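> fold the stuff below for me.
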Amino acid sequence: MKPSAQGSAGTGIASVRTAASVRVPAQAGVADPEGDDPDRDDRARGGTEPVGAARGEHTHSEPPLSRPRPLVQRSSVRGQILDALRSALVAGELRPGEVYSAPVLGERFGVSATPVREAMQQLALEGAVEVVPNRGFRVVERGARELAELAEVRALIEVPVMLRLARTVPAERWAELRPLAEATVRAASSGCPATYAEADRAFHRAVLALAGNDQLVRIAGDLHRRAQWPPAGAPAVRGRADLIADAHEHTALLDALIAGDLGVVRTLVGGHFTGAP
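Just a heads-up that it's a prediction; the model follows:
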C-alpha cells in the first residue's frame, strides 16, 4: 500500500531498509509513461485519485489531506531509497547497461515512484545512471580505464594530503581513528561489498577531515564513491579476500601513522590507490 504521511515513516521505510538485501531485477522492457517529472505522482487525475493509481501503484481511498505532507518525511524516504540504490550499485544488483523503471522499483521498495525517481535523478547527477526518456534509468557502463583514471585522480588528491598529515598530526589524534579502521576489517569479514564500501569511505573521510578542508573531503568522497561502482564485464562484486586485504591496509597505515614511520606511510599510501578501490 502506498505510504501516507504516517505510512512513509512506517511500513514503507521498513521495506526500504530491507531492500538492499534483495536482488533488483532488470526492467529493460518496462515503460515509465510519466517520464521524469517528480511531481506527477502527487497530482490528481480527474478528481482526487493520484496519478500513481492510473499506472497500477497502490493508493489510499481516503480523501486528500487538508495540509501538505511534511517535507521532512518525504526527504527521509528519498534519502533511504538513495542509500539502498547506492548499495545495490556497489553490490552489483543494479547491473551496468540495464534500464530500471522508477514505478517498478517503487513497488519493490514499498513506496511510490516519486522518491525512487528523485533518488535516481541524484544518481544521474553523480554519473551512476543516465535518463532514458519514457523508460526509466540506465546504469552507466564503466570500463577498467575509467576505474584507473579515478584511482589516479584520487592518488593525486589524497596521497599528498596524507603525507602532510603524517608529518603534522600527533599520534594521539591518529589513535582516535582506530575504531574506524577496525570497523573496515569487520565489514570486510562480512563479505558484503556495500557494507565494506560504507566503512571504507568513513575511514578515508575521517583521515582527510584532519586537514580541516571541507571541500577536499567532499570532492575526495565523491571520487571514492564513483570508484566503488563495479565496471561492466567484470565480476559483479569484489571477493571477501580482496576486501579483507584492503581493510588490513587501513590498520597497517594507522599503525605507521601512530609510530611516525613516514617511509612505511609513503609505501602504504602509494600502493593503496593502485589496487582495487
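
> for the helix or strand containing Phe203, packing partners?
Using DSSP states H and E, Phe203 falls within helix 193-209. With contacts taken as 3 or more CB pairs under 8 Å, 6 or more residues apart in numbering; DSSP states H and E, helix 193-209 sits against helix 71-91, helix 144-168, helix 178-190, helix 214-227, helix 240-259. Placement of C-beta: from N, CA and C, glycine included.

> care to break this protein down by domain?
According to automatic domain parsing, the chain comprises the domains 7-139, 144-272.

> weakest of those in terms of mean pLDDT?
Lowest mean pLDDT of the domains of the chain: domain 7-139, a mean of 66.

> show me where the stretch 1-150 of the chain has its strands.
Using DSSP state E, counting those that start in this stretch, the strands found in the stretch 1-150 of the chain span residues 99-100, 129-132, 136-139.

> and the helices and strands packed on helix 193-209, which is most packed in?
helix 71-91 (a mean of 20; mean count of other CB atoms under 10 Å).

> now do that helix: which elements does it pack against?
Using 3+ CB pairs under 8 Å, 6+ apart: helix 71-91 touches helix 11-19, helix 102-109, helix 113-125, helix 193-209.

> buried set for the last one?
Taking 16 or more other CB atoms under 10 Å as the neighbour-count basis, helix 193-209 is seen to contain the buried residues 193-204, 207-208.

> got those residues as CSV, with distance to Leu177 columns?
Formatted as CSV, the buried residues of helix 193-209 follow (distance: CB to CB, whole Å):
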residue, distance to Leu177
Pro193, 22
Ala194, 22
Thr195, 19
Tyr196, 17
Ala197, 18
Glu198, 16
Ala199, 12
Asp200, 13
Arg201, 14
Ala202, 10
Phe203, 7
His204, 10
Val207, 7
Leu208, 11
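
> closest to His250 among those residues?
Nearest to His250 among these is Phe203, at 5.4 Å by CB to CB.
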